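Asks: Task: produce atomic coordinates for the following.
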Amino acid sequence: MTARSSFLNKLSIIKQIPIFEGLSWFEINRIAARVELIEFNKGDIICHQGDPADAFYILVSGRVYSYTLNSAGQKEEIDFILRGMHFGIISTLTGESHSHTYEVINDSLVIRIKKDDFATLLKITPKLAVALSQSLSRRIRSHVTGSKSTLENTIIAVYASVKGSGSSTFATNLALTLKAQTDKKVLLLSLSSDINDPLTNLVDIVYDHQKIIESIQKGKLPIDVLAVKFDSNDHGLLGKISQFVSAPANDYNYIVFDLPNQADDVVIRTLVQSDRVYLVTLEREQDLEMTRHVIDKLAEQLKDRFQTDKVQVVISGVRQDNILKPDEIKKFLNYDVFLKFPHLTPEEYKSENIYEGFNIVRVDPGSEYAFFLQRLSRQISGSLIGLVLGGGAALGLAHIGVIRILERENIPIDIVVGSSMGALLGGLWAAGHKADDIEKFAREFENKSALLKIFDPPFERALVMFTLVALLFMFKFFVLGLLFLSLAIPLSVPVSGLIRGLAIKHWLKGKINDKTFHQVKIPLKCIAYDLYRRQEIVIDDGSLAEAISKSIAVPGVFRPVMESGQMIIDGGVINPLPTNVLINGGVKKIIAVNVLQSPQEVSWGQNEENERMTLQAKISFSQHPFQYTAFRLGKLINRIFTPNIADIVVRTLQASEYFLAEMSGKQADVLIHPDLKGINWFELYKAGEIIKRGQEAALKHLPSIKSLVKR
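Replies: Purely as a prediction, here's the structure:
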């Protein structure tokens, strides 16, 4: 924080402030004699909530936002203060402490008039008192009606260290997509370091706010454009970059900077002053290392204000020959990659000349690249749409029907969170399979014998013991052989689970290969549970098949996954419908699918089954000999194997999981609960019927889903 004291400087600035319009030359001079001009740096606090009333403030340039802190230390009542706006008036007039904290977003220049001087000026300058009274009245009216007094705005900077990385394509189409997705005011601000470009010279407008605004081009695109050139050797520009960055903030919700490909002082200063930074790079060692160098520069300048979620690395959609593996990228970059864009084909983009010296590359809105941009735009605007797929064993196949309707209706889903069967089906979808593909996978088990290919009992210990027994008998150690045989028989009984889970992992890998979370089409999170620590585990990194295997490890049925001192089991045990994961991630629009049956639905299904059994029992041998025999044979087998461990465990879990899912479902904006009465948890062979019921449930909720998307 530094102060300026030039009287002439104060005069020229005061004349530009709306609240002082209409005052005489004498009145303006009197005000100039009593004001201070103070420069604040990004992140500075001008005054805290609860501080004693000290002064009246007016923002000359930059951006400030005000907020209150609740008892949990969370920011509330957030509002933006932009150029020409004032704050601190109520506390100054009443003498009460400041009700808000005022934090500087960009380097800012602020007028400060001390409390006593302000009171004096109001007494001797009636016009000023009237103007402030009207301004205060408008603010109170806005507060009462709940309307924002200013535009919420975000300044986004896009930069690539190497020319040809696709950063301009990314910046331009991000701006266009933000406009299409939000229908808010968007400005694309393009900077060129080529002083020979036929563009407006930054030095000619940067010292005059009005000239900056008048240089903006309108009408040729859905967004407005300001393209300027600058001399990177003109160090005098540095002190004005913050003013330039925030100058259009009063008129635009989103300002997207397309920066030139050299990390000079002007570029770095612009990056530092931005709210979000996207560093675009190619998958090449030298590009990644240069990007890392920029990250280090930003971290050095921002210090404790550096946030990894605000400085994000994007892998470009420019096609290249040598593509590095994810672990190699992480090695050279030493920083997480936020997003990897699909490659653009020549048919998916075209170059357009907007005006002299300014061309853009427009991407086909139907391309996969554009799809990624749409998701990014929704993230920036705080309107991400999340899908929660709950657990439920075979009941979870209803998710396929829901997914089919979402696909058919082009409902955008930006992130999927799945627990248990929801993780499995959500993982297949996120990996790039369509609903029709996933249904084919599910129908593999309509033939009950196909279930054997995912059944792998844990007989390893017993096999070792029986092999040893056979060897002992072979070499005629009969007594010792009998002793080991007596040990081998109890070892054939499963200890930690009826099946190992390796077969289903092998089946999964056949569908998604060795894909990782970084290679999915839709961001995915899988929920598991550490039984040792009694902690929920949210998995969003590493092998997709490994993560899904952990999330579906139903205790008592699957052997737990032992890893890094953890005993990992099915995530549905503690969180069968993980809406909380999306809420904690800031997702504001949530569609959840709860496939678990209520006690009433379970009871209805059991009554239906009893009635069916009663009718079957009435059929005589003479009427239908095959039905008669099959029914009684099935009943005998059922009596032998019922109750069994797997059925007891799963039914017990689902009884409690239903109530947990019911509570979680209340946090969703749209909750889909398919009618699955009469379906048992193990009936994978009823895939067609279960999927159909999921589809019917999604159709019933389609109006609500579409309304949510548009909201």
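Asks: how far away is the closest residue to Lys75 other than its chain neighbours from Glu103?
Replies: Leaving aside its sequence neighbours, Lys75 sits nearest to Tyr67 (C-beta to C-beta, 6 or more residues apart in numbering; 4.2 Å). Backbone N, C-alpha and C define where each C-beta goes, glycine included. The gap separating Tyr67 from Glu103 is 7 Å, by C-beta to C-beta, to the nearest Å.
Asks: Have a look at those two and say which one is more surrounded.
Replies: In this view Tyr67 and Glu103 are compared by other C-beta atoms under 10 Å, and Glu103 has more residues nearby, 20 against 16.
Asks: Torsion angles phi and psi at Val225?
Replies: Torsion angles at Val225 (phi, psi; degrees, to the nearest 10) stand at phi -130, psi 140.
Asks: Now for the residue nearest to Lys75: which residues touch it?
Replies: Counting by C-beta atoms under 8 Å, 6 or more residues apart in numbering, Tyr67 makes contact with 75-79, 100-101, 103.
Asks: Direction included, what does the helix or strand containing it pair against?
Replies: If you go by DSSP states H and E, Tyr67 is part of strand 64-69. Applying DSSP bridges, strand 64-69 is found paired with strand 75-81 (antiparallel), strand 101-104 (antiparallel).
Asks: Redo the ones you listed as CSV? Include mean pLDDT and distance to Glu439.
Replies: Below are those laid out as CSV (pLDDT from 0 to 100; distance: least, C-beta to C-beta, whole Å):
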stretch, mean pLDDT, distance to Glu439
strand 75-81, 86, 45
strand 101-104, 94, 52
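Asks: May I see these organised as CSV, with distance to Leu708 added?
Replies: Shown next, in CSV, are these (distance: least, C-beta to C-beta, whole Å):
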stretch, distance to Leu708
strand 75-81, 24
strand 101-104, 32
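Asks: Tell me which of the ones you listed sits most buried.
Replies: Comparing the strands paired with strand 64-69 by mean neighbour count (mean count of other C-beta atoms under 10 Å), strand 101-104 ranks first with a mean of 21.
Asks: Tell me which helix or strand comes right after that strand.
Replies: Beyond strand 101-104 on the C-terminal side, the first helix or strand identified by DSSP H and E is strand 108-114.
Asks: I'd like to know how many residues surround Phe358.
Replies: Residues near Phe358, counting by other C-beta under 10 Å: 19.
Asks: buried residues in stretch 662-682?
Replies: Neighbour counts using 16 or more other C-beta atoms under 10 Å place 662, 664-665, 668-674, 676-681 of stretch 662-682 among the buried residues.
Asks: Need the distance between the two termini of that stretch.
Replies: 22 Å (C-alpha to C-alpha, to the nearest Å).
Asks: residue ranges with poor pLDDT in this structure?
Replies: 1-5, 136-151, 320-321, 448-501, 605-613, 615-618, 621-622, 624, 627-646 (pLDDT under 70).
Asks: Just list the residues touching Lys706, thanks.
Replies: Lys706 makes contacts with 409, 411, as judged by C-beta under 8 Å, 6+ apart.
Asks: Asp183 is nearest to which of the strands paired with strand 64-69?
Replies: Closest to Asp183 of the strands paired with strand 64-69, according to C-beta to C-beta: strand 75-81, at 19.3 Å.
Asks: The very next helix or strand once past that closest one pairs with which strands?
Replies: Under the assignment DSSP H and E, the closest C-terminal helix or strand after strand 75-81 is strand 86-87. Here strand 86-87 has these sheet partners by DSSP bridges: strand 55-61 (antiparallel).
Asks: now the strand it pairs with and strand 108-114, what's the angle there?
Replies: 160 degrees (axes from the mean of the first three to the mean of the last three C-alpha atoms, to 10 degrees).
Asks: Kindly format the C-alpha coordinates of strand 55-61 as CSV.
Replies: The C-alpha coordinates for strand 55-61 follow below in CSV (Å, rounded to 0.1, in the frame of the first residue of the first chain):
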residue,chain,number,x,y,z
ALA,A,55,-12.9,6.8,6.1
PHE,A,56,-15.0,7.0,3.0
TYR,A,57,-13.5,5.2,0.0
ILE,A,58,-13.8,5.5,-3.8
LEU,A,59,-12.3,3.0,-6.3
VAL,A,60,-10.4,4.8,-9.1
SER,A,61,-9.1,1.8,-10.9
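Asks: re the thing from before, to Asp224, which of the strands paired with strand 64-69 lies closest?
Replies: strand 75-81 (19.3 Å).
Asks: what's the closest non-adjacent residue to Asp287?
Replies: Asp287 sits nearest to Thr281 (C-beta to C-beta, 6+ apart), 4.7 Å away.
Asks: Is that neighbour in contact with Val158, as I believe?
Replies: No. Thr281 is beyond contact range of Val158, at 11.6 Å (criterion: C-beta atoms under 8 Å).
Asks: hang on, the earlier thing: what about the residue nearest to Lys75, distance to Ser192?
Replies: Per C-beta to C-beta, Tyr67 is found 37 Å from Ser192.
Asks: now swap in Val361 and tell me
Replies: On the measure of C-beta to C-beta, Val361 and Ser192 end up 15 Å apart.
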